[in-house]
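Asker: Curious how this folds, go ahead:
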Amino acid sequence: MASQVLKAPASRTLMIGYILLFLATVGLDQTTKFHAQRQFMAWSHETDLRSYRGDSSRVLTLGVSPSLALEKGYTRDKVTSNWLDFHLTYVRNPGAAWGSFANAPEHIRLWLFYAVTVFVSGMILYLFRSAHPGQRLARTALVLVLAGAAGNFVDRLLLKYVIDWLHFHWRAIGWEYSFPVFNWADVAINVGIALMLIDMLLQEIALRRGIRSESPQGQTATP
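Answerer: Have a look, this model is predicted:
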């Protein structure tokens, strides 16, 4: 009886923590998007959502990239072989990850995203309720994925596009790549997925250790 009395408050505290994590993640996502729009949107058409112009601000550079050389007035020979640029910017993404489905008709694209988001959110809530209260890592991961999906869903619902504002561009060992611009909701989703994989790995390790501990060891043949 005493253990049940202790478990109930602990369970409520965890649930409050998950709710606060969800609200904080969505709130941070929307706040940073608002800031990006306010700081880096230079021009926007009144009716055509795809017609706009955004500025950017350099946050970090490792090495000397072509853009840094241009900004500083360096000659071309100053560019290093390996470099990393990180900018804050403003981009409207009417599609999904990597801009997929961005060119689909709006009446199909939006309702497709709405349906997928509602379905995925329902699955996440089902998995959250099905998970054992002791699976804190798994539940935290699910909350982050749900919060990320909710953050982008709010954009699509209110704006009909998603605001992206984090941009990495690098060249390493001869590989140059401009990573698609993303936002804090995308970060939450990917961190949540990573935590799910870690949780699955930890469960697999624990399961294998349990099987090994139950297997007979040190047995010797009796005459």
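Asker: Return the distance of the helix or strand encompassing residue 92 from the chain's centre.
Answerer: Secondary structure assigned from DSSP states H and E places residue 92 in strand 83-93. In terms of Cα atoms, centre = their mean, to the nearest Å, the centre of strand 83-93 is found 16 Å from the chain centre.
Asker: That strand - contacts with which helices or strands?
Answerer: helix 2-40, strand 52-54, strand 56-62, helix 66-72, strand 162-172 (3 or more Cβ pairs under 8 Å, 6 or more residues apart in numbering; DSSP states H and E). Every C-beta, even on glycine, is put in place using the N, C-alpha and C of the backbone.
Asker: go with 7 Å
Answerer: helix 2-40, strand 52-54, strand 56-62, strand 162-172 (3 or more Cβ pairs under 7 Å, 6 or more residues apart in numbering; DSSP states H and E).
Asker: Helix 2-40 and that strand, what's the angle between them?
Answerer: 90 degrees (axes from the mean of the first three to the mean of the last three Cα atoms, to 10 degrees).
Asker: Okay, now the sheet partners of strand 83-93, with direction.
Answerer: strand 56-62 (antiparallel), strand 162-172 (antiparallel) (DSSP bridges).
Asker: What's the separation between residue 180 and residue 156?
Answerer: Residue 180 is 17 Å from residue 156, where distance means Cβ to Cβ, to the nearest Å.
Asker: among the strands paired with strand 83-93, which is the most enclosed?
Answerer: strand 162-172 (a mean of 20; mean count of other Cβ atoms under 10 Å).
Asker: I would like the residues contacting the next helix or strand after it, please.
Answerer: Next helix or strand after strand 162-172 toward the C-terminus (DSSP H and E): strand 175-178. With contacts defined as Cβ atoms under 7 Å, 6 or more residues apart in numbering, strand 175-178 is touched by 169, 170.
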